[in-house]
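Peer 1: everything below, folded, please.
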Amino acid sequence: MAVGDQAGDYAEVLALLWGRRPQPRRGPRPALSLEVIARAGIEIADADGIPAVTMQRVAEALGFTKMSLYRYVPGKVELVALMTDTALGEPVRLDAVAGGWRPQLHEWATQMFDRFWRHPWALQTTVGARPMGPNEISWLEQAVAALSGTGLDGGEILDVAVTLVGHVRTIAQQGAATASQSPERAMDSAIGALLHGHEERFPALVAALDSARRNGAQDQALDFGLNRILDGVELLVTTRARSSG
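Peer 2: Below is the predicted model of the structure:
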């Protein structure tokens, strides 16, 4: 694809996501909406993955022809971008979360994990340089707003958000690969099977797995990681406040 074609596609996706695509002024009243189309695609992706989403299949799910769908969405690239922003949805309102920036960011990250858990295909569609819709940008806005006034500069605030997203995505990706059980229990089962008969070679790992089972310290990777990240951010915020005071 030529550079000019890529730029055109990028602009087309942005126009669709941000409501800047002109609507037809003539002809019959539209029988569909972008949200209805997006949710039909989401339902397919949730069941069968993003490769199963095609213009033809979405059209059939809605009871329309593929050609009629093109009146609303130019192609699959635009459709997937629309699905992604719709699936992520509007972020949680952090100003309703009491306790300041730390519980707000914990809630923010937990809610983001929930969106990825419900729509694991979105992990594939939210990577790399790409057009982002208003919902996805609103998630970032909420995180940045929570840290405003903490004494961190803009770059640090953005780095905190990126670090939290990275942790959320890692745990969600592990979960997507082990849908029948939690990532921690799946890893425990897999490693436990491998260690059977080799306990003397890996004594530290065997002891750690046994301790985790006895103490019920499984299924905590998301919260554990979030709390350690936020511990570090809190230390930085506190240190910055002392040095500036």
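Peer 1: okay, CA-based contacts and neighbour counts for the rest of this
Peer 2: Noted.
Peer 1: Three-state assignment for the residue sitting furthest away from the middle of the chain, please.
Peer 2: Within the chain, the residue lying farthest from the chain centre (C-alpha atoms, centre = their mean) is E200, at 40.6 Å. Secondary structure, DSSP: H, G, I helix; E, B strand; the rest coil: E200 is coil.
Peer 1: backbone dihedrals for the residue most central in space within the chain, please?
Peer 2: The C-alpha lying nearest the average C-alpha coordinate of the chain belongs to F116 (C-alpha atoms, centre = their mean; 4.7 Å). Phi and psi for F116, reported as degrees, to the nearest 10, are phi -70, psi -30.
Peer 1: check what pLDDT it gets.
Peer 2: Predicted confidence (pLDDT) for F116: 96.
Peer 1: quick one on the thing from earlier: next up, the contacts around the residue farthest from the centre of the chain.
Peer 2: E200 makes contact with no residue under the criterion C-alpha atoms under 8 Å, 6 or more residues apart in numbering.
Peer 1: P120 now?
Peer 2: By C-alpha under 8 Å, 6+ apart, the contact set of P120 is 46, 172-173, 176.
Peer 1: can I get those in TSV including pLDDT?
Peer 2: Output for these, formatted as TSV (pLDDT from 0 to 100):
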residue	pLDDT
D46	97
A172	93
Q173	91
A176	77
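Peer 1: by neighbours, which of the residues you listed wins?
Peer 2: In terms of neighbours by other C-alpha atoms under 10 Å, the contacts of P120 top out with A172 at 25 neighbours.
Peer 1: which residues are contacting the helix or strand that residue falls within?
Peer 2: In the assignment (DSSP states H and E), A172 maps to helix 154-177. Among residues not part of helix 154-177, those counted as contacts by C-alpha under 8 Å, 6+ apart are 109-110, 112-113, 116-117, 120, 123, 140, 143-144, 147, 181-183, 221-222, 225-226, 229, 233.
Peer 1: out of these, list just those in helices.
Peer 2: Here DSSP state H is the test, and these give 109-110, 112-113, 116-117, 123, 140, 143-144, 147, 183, 221-222, 225-226, 229, 233 as lying in helices.
Peer 1: can you flag the buried ones in these?
Peer 2: Using 16 or more other C-alpha atoms under 10 Å as the burial test, these include 109-110, 112-113, 116-117, 123, 140, 143-144, 147, 183, 221-222, 226, 229, 233 as buried.
Peer 1: quick revisit: list the buried residues in the helix holding A172.
Peer 2: For helix 154-177, burial by neighbour count (16+ other C-alpha under 10 Å) applies to 157-158, 160-161, 164-165, 167-169, 171-173, 175-176.
Peer 1: turn those residues into TSV, including distance to L69.
Peer 2: Formatted as TSV, the buried residues of helix 154-177 follow (distance: C-alpha to C-alpha, whole Å):
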residue	distance to L69
I157	41
L158	38
V160	40
A161	37
L164	37
V165	34
H167	37
V168	34
R169	32
I171	36
A172	32
Q173	32
G175	34
A176	30
